[in-house]
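>>> Kindly return the folded structure for what I paste below:
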Amino acid sequence: MADERTAVVVGAGIGGLTAAVALGRRGWDVTVLERATSLDPVGAGIALAPNAVRALDSLGLGDPVRDLAALQGPVGLRRPDGRWLVRGDASMVGPEPTVLLHRSQLVDLLRHALPDDAVRLAVTVTRVDPGGPGERATVRTAGPDDGARAELAADVVVAADGIDSPIRTALFPGHAGPAYSGATAWRFVTPEPVPVEPAETWGRGSVVGLTPLADGRIYCYLTATLPEGTRFQDEVGELQRRFGHWHDPLRALLDDLDPTTLLHHDLRWLKEPLPRYDVGRVALLGDAAHAMTPNLGQGGAQAIEDAVVLAASLRGTPSGGELVSPALAAYTAARKGRTQRVARASAQVGAATTWRAPLLVQARDLAMRAVGRWVLPRAAQRLDWILDWRPPVA
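Down below sits the predicted model:
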């Protein structure tokens, strides 16, 4: 159709799929390109704070997410021996709950909100040309064989290709890329052996988080302060050695852990911020634009916000895309300051979890025990600028 506005989204993660849904809701013809051969299984657990759920509400997906998810109940911070440093309920950190679900559930929900033929799997993007004045962007691809090579023209290209984004590297060749945070992380989802109260446990340079999901499973994440790239021949055995003596039910979870379900990634972030999130007709989104540590639970949330704001920024562009570049500049203006501030705040929170010196850790724990119940709600109030975000009015 002559009046169609076309978009190519590179990457079928949470940010890319949300962008595809958001653009589709505004009348764009969207194609999603994903180099993986399948979207399942995807990741482990994810917590969606109120700002992310509101963004999904604007797409008509907030209630389906709530139907799939557990609502955050009690919250707290513990020591490895199980003693509580801070204990309370979700009302201490705000009136609206955070919802907890498996990443694959969210990916499935977003995928099914798109037309059946919108997502193309096993497609590798080899080059993106952002286009010059009056020109459309082009995306060159390769499939499993030479016959699958193709070139797609688009009014806009959304680079949602992750923390190691090849598109970001090509568009900003002088950028330093992701920086190691100092911590590595393991994640898994497993049946819940006994009722578990949601909490984080802070040790010496290590953290464990236990979060029950609505389907009866538990999401567990563990971090350790190690040199970048550290890996172990027996990853489960290493976790048992490091964390098996911590409080219940951690030992039982690790003893029953299937090694094939365990994910291990170094925690990296874009410490050096990008100068902008748009080049020509290309917009960067999510980890490709502002990868952050998970300490505030905002990585996925900020990608979802990006997607909704991007679609809103493009709402006035006519077919042919003459106004795409100014619209993408407006997207950068709306997102750059906020997302980079969130990334810095998350890194600052994470720094305290990497402390290893015994006296420093002891002082940290004593301070949390002494003033934790007073500090927690006030600390949450300091995050109101993140959680109180509202999506653009249509």
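
>>> What distance separates the opening and closing residues of stretch 278-293?
23 Å (C-alpha to C-alpha, to the nearest Å).

>>> mean confidence for it?
Here stretch 278-293 scores 98 as its mean pLDDT.

>>> cool, and stretch 317-330?
Mean predicted confidence for stretch 317-330 is 82.

>>> Enumerate the positions of stretch 234-248 that are buried.
236, 238-240, 242-243, 246-247 (16 or more other C-beta atoms under 10 Å). For every residue, glycine as well, the C-beta is placed using N, CA and C.

>>> Indicate each strand paired with the strand of greatest length in the chain and its parallel or antiparallel sense.
Using DSSP state E to define each element, the chain has its longest strand at strand 179-191. Using DSSP bridges, strand 179-191 pairs in its sheet with strand 217-225 (antiparallel), strand 263-269 (antiparallel).

>>> Touching the first one from outside, list them.
Spelled out, that is strand 217-225. Strand 217-225 is contacted by residues 44-45, 100, 102, 182-192, 196, 205-213, 239, 242-243, 250, 253, 267, 294, 353-354, 356 when judged by C-beta atoms under 8 Å, 6 or more residues apart in numbering.

>>> Wasn't Glu96 part of a helix?
No. Glu96 sits outside any helix when classified using DSSP: H, G, I helix; E, B strand; the rest coil, being coil.

>>> what number of residues lie near it?
As a burial measure, Glu96 scores 16 neighbours (other C-beta atoms under 10 Å).

>>> quick one: pLDDT of it?
80.

>>> In contact with it, which residues?
Taking C-beta under 8 Å, 6+ apart as the test, what Glu96 contacts is 50, 53, 387.

>>> hmm, who's touching the helix or strand the second one falls within?
So that's Val53. In the assignment (DSSP states H and E), Val53 maps to helix 50-57. Helix 50-57 is contacted by residues 18, 48, 62-63, 65-66, 94, 96-99, 300-301, 304-305, 307-308, 386-391 when judged by C-beta under 8 Å, 6+ apart.

>>> Return the members of those classed as buried.
Here, 16+ other C-beta under 10 Å leaves 18, 48, 62, 65-66, 94, 96-99, 300-301, 304-305, 307-308, 386-387, 389, 391 buried among those.

>>> mind listing which of those are in strands?
Using DSSP E, the buried ones among the contacts of helix 50-57 in strands are 48, 99.

>>> Trp389 touches Glu305, doesn't it?
Yes. Counting by C-beta atoms under 8 Å, Trp389 touches Glu305, with 6.5 Å between them.

>>> so what sits against both of the two?
Common neighbours of Trp389 and Glu305 (C-beta under 8 Å, 6+ apart) are 51, 55, 338.

>>> if I look at the residue nearest the centre of the chain, how far off is Ile167?
The residue lying closest to the centre of the chain (C-alpha atoms, centre = their mean) is Gly300, at 2.7 Å. Distance, Gly300 to Ile167, using C-beta to C-beta, to the nearest Å: 20 Å.

>>> Val119 now?
18 Å.

>>> Which of those two has more residues huddled nearby?
Taking other C-beta under 10 Å, Val119 and Ile167 do not tie; Ile167 has more neighbours (24 against 21).

>>> ok, now which ones touch the more buried one?
Taking C-beta under 8 Å, 6+ apart as the test, what Ile167 contacts is 10, 125, 128, 157, 159, 161, 282, 284, 288.

>>> For the nearest residue to Arg281 once chain neighbours are set aside, report the pLDDT, please.
Sequence neighbours aside, Ala137 is the residue nearest to Arg281 in space, at 4.0 Å (criterion: C-beta to C-beta, 6 or more residues apart in numbering). On the pLDDT scale, Ala137 is placed at 96.

>>> What is the burial count for Leu39?
17.

>>> Tell me, what's the model's pLDDT at it?
So Leu39 comes in at 88 (pLDDT).

>>> Phi and psi next, for it.
phi -100, psi 0 (degrees, to the nearest 10).

>>> can you map out the strands along the stretch 51-200 of the chain?
70-71, 75-78, 84-88, 99-102, 119-120, 124-129, 137-142, 150-154, 156-159, 179-191, 199-202 (DSSP state E, counting those that start in this stretch).

>>> just these: most buried one?
Highest mean neighbour count of the strands of the stretch 51-200 of the chain: strand 156-159, a mean of 31 (counted as mean count of other C-beta atoms under 10 Å).

>>> quick check, nearest of the contacts of Glu96 to Phe172?
Proximity of the contacts of Glu96 to Phe172 was ranked by C-beta to C-beta; the top entry is Leu387 with 30.2 Å.

>>> Surely the closest one and Ala49 touch.
Yes. Using C-beta under 8 Å, Leu387 makes contact with Ala49 at a distance of 5.6 Å.

>>> Thought Pro97 was touching Ala47, still the case?
No. Between Ala47 and Pro97 there is no contact under C-beta under 8 Å: 10.2 Å.

>>> Next, show the common contact partners of those two.
Residues touching both Ala47 and Pro97 (C-beta under 8 Å, 6+ apart) are Gln72.

>>> how about the buried residues of stretch 234-248 in a markdown table, adding pLDDT and secondary structure?
Output for the buried residues of stretch 234-248, formatted as a markdown table (pLDDT from 0 to 100; DSSP: H, G, I helix; E, B strand; the rest coil):
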| residue | pLDDT | secondary structure |
| --- | --- | --- |
| Val236 | 97 | helix |
| Glu238 | 98 | helix |
| Leu239 | 98 | helix |
| Gln240 | 97 | helix |
| Arg242 | 97 | helix |
| Phe243 | 97 | helix |
| Trp246 | 96 | coil |
| His247 | 94 | coil |
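
>>> Same list, the shared contacts of Trp389 and Glu305, but as CSV with pLDDT please.
CSV is the format used below for those (pLDDT from 0 to 100):
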residue, pLDDT
Asn51, 97
Ala55, 98
Arg338, 98
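
>>> Which of these has the largest number of neighbours?
Top of these by neighbour count (other C-beta under 10 Å): Ala55, with 27 neighbours.
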